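> Okay, structure incoming, though there's no sequence with it:
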């Protein structure tokens, strides 16, 4: 009898132990994910912004989240396959390609750019001082912001019709027209003297890269970043099988706007996914890579403005030295931040563009930095 009671007690104790083992563990939510969700929710309270994608690289780990819907009312949430136009963040890619060419000995920063252009541009100098490679890289070349000149005139009145007017000009504008317009540029000061943001100087740089590598700029860019940064979905010319993933863009009043047409794409034509951009952050933060070290080197400094290879250099007591770039197109806006002090990269993208969209996105980035630094 005593044996049976003892056996029963043992079975009950064993059963209770097993039940304790089966209790589910309480899962903790990653604080980075909490921050992404919180800041994205705040951004989506804005009635104009329907979708946002956030990518973060922090201490060797990658985080990606997507929110909202790309097209209002269609419930088509962006995802890792969504391809975004990143506008002027493209320039940072061009800068890395140039830094690589410099390290390979194919370019010299002090070279007269006419060395690599097939036409004789007698107007590309002032007082016998020529435009040099480093002037293109730092927006000190004295080039216009846009070509043809009529686009600059349109931007004096930024309104909902602007994307459509620019598109009509761009669709018939050729590289032959571009080089014809370059012949008309007149410099009024020595190149390298002053900063003037330009898309034209970046497109000239693309032509120079095509000349030295004897390949299209699209192929140079695509192959380099596939091999060196594991960016398998980054290019300028989308193949047909990927065009379905390109996010539609919406303008200042919610109208669907056309995608911009580019000659080379070095100034703002790169199309990519958020996973690729997070890989790009890891690449930008890797100080073992000579190309990254070179591409972050100061080439121009005047007061608080410092420029590396198409990359603005910033610094403050809180972040230390950091790098950021804004990309704004007619139907896309994004901010890209690299903060080495915190081993941190952040990208926030939306497929909407208005005059105040950039400020909304940078507020989101700053909210993330406060949480994550």
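The structure has been received and is ready for your questions. Remember, it's a predicted structure, so these values are computed and weren't measured experimentally.
> Do a quick rundown of the helices in the stretch 151-300 of the chain.
Under the criterion DSSP state H, counting those that start in this stretch, helices of the stretch 151-300 of the chain are mapped to 162-170, 175-182, 200-213, 217-229, 274-284, 290-295.
> who does the second one touch, helix- and strand-wise?
Using 3 or more CB pairs under 8 Å, 6 or more residues apart in numbering; DSSP states H and E as the contact criterion, the elements in contact with helix 175-182 are helix 200-213. In this view, the C-beta of every residue, glycine as well, is placed from N, C-alpha and C.
> Report the rounded mean pLDDT for the helix it packs on.
Mean per-residue pLDDT for helix 200-213: 98.
> before we move on, the earlier item: out of the helices of the stretch 151-300 of the chain, the one nearest residue 66 is which?
Closest approach to residue 66 among those (CB to CB): helix 274-284, 7.4 Å.
> from the chain's centre, how far out does the closest one sit?
10 Å (CA atoms, centre = their mean, to the nearest Å).
> Compute the inter-axis angle for that helix and helix 217-229.
70 degrees (axes from the mean of the first three to the mean of the last three CA atoms, to 10 degrees).
> Identify all contacting residues around helix 274-284.
With contacts defined as CB atoms under 8 Å, 6 or more residues apart in numbering, helix 274-284 is touched by 53-57, 62-64, 66, 78, 80, 82, 84, 86, 225, 228-234, 272, 289, 292, 323, 336, 338, 345-347, 349.
> residues contacting residue 238?
83, 246, 271.
> Low-confidence ranges, the stretch 1-150 of the chain, go.
Residue ranges of the stretch 1-150 of the chain with pLDDT under 70: 1-27.
> What are the boundaries of the helices in it?
2-22, 31-44, 90-103, 133-137, 149-154.
> How much space separates residue 144 from residue 337?
29 Å (CB to CB, to the nearest Å).
> which of the two has more neighbours?
When neighbours are counted by other CB atoms under 10 Å, residue 144 and residue 337 differ, and residue 337 comes out ahead with 24 against 19.
> ok, now which ones touch the more buried one?
Contacts of residue 337 (CB under 8 Å, 6+ apart): 322, 323, 324, 344, 345, 346, 347, 365, 369.
> And for residue 51?
Contacts of residue 51 by CB under 8 Å, 6+ apart are 66, 67, 68, 69, 70, 77, 78, 247, 350, 351, 352.
> could you redo the last one with a cut-off of 6 Å?
Shown in contact with residue 51 (CB atoms under 6 Å, 6 or more residues apart in numbering): 68, 69, 70, 78, 351.
> residue contacts, residue 43?
Applying CB under 6 Å, 6+ apart, the residues contacting residue 43 are 49, 52, 364.
> Setting aside sequence neighbours, what's the nearest residue to it?
residue 364 (5.0 Å; CB to CB, 6 or more residues apart in numbering).
> Please identify the helix or strand for that neighbour.
Using DSSP states H and E, the element containing residue 364 is helix 357-372.
> Report the inter-axis angle for that helix versus helix 31-44.
150 degrees.
> what comes into contact with helix 357-372?
Helix 357-372 has contacts (CB under 6 Å, 6+ apart) with 35, 39, 43, 326, 328, 333, 335, 337, 346, 348.
> make it 7 Å
Contact with helix 357-372 is made by 32, 35, 39, 43, 46, 49, 56, 58, 326, 328, 333-335, 337, 344, 346, 348, 350, as judged by CB atoms under 7 Å, 6 or more residues apart in numbering.
> Show me what counts as buried in it.
Neighbour-count burial for helix 357-372 flags 357, 358, 360, 361, 362, 364, 365, 367, 368, 369, 372 (criterion: 16 or more other CB atoms under 10 Å).
> Nearest to the middle of this structure, which residue? Look it up for me.
Note on the chain: the residue nearest the mean C-alpha position is residue 89, at 3.3 Å, using CA atoms, centre = their mean.
> check contacts around that residue.
So residue 89 contacts 325, 327, 334, 336 (CB under 7 Å, 6+ apart).
> The second one: how many residues sit nearby?
Other residues within reach of residue 327 by the criterion other CB under 10 Å amount to 24.
> contacting residues around the closest residue to it other than its chain neighbours?
Using CB to CB, 6+ apart and skipping the chain neighbours, the partner closest in space to residue 327 is residue 87 (3.3 Å). Residue 87 sits next to 268, 327, 328, 329, 332, 334 when contact means CB under 7 Å, 6+ apart.
> if you set the cut-off to 6 Å instead, what comes out?
268, 327, 328, 329, 332.
> Now for those residues, which sits with the most neighbours around it?
Taking other CB under 10 Å as the neighbour criterion, residue 332 ranks highest of the contacts of residue 87 with 26 neighbours.
> Nearest spatial neighbour of that one, chain-adjacent residues omitted?
Residue 332 sits nearest to residue 85 (CB to CB, 6+ apart), 4.6 Å away.
> mind checking how far the residue nearest to residue 327 is from residue 368?
Using CB to CB, one gets 20 Å for the distance from residue 87 to residue 368.
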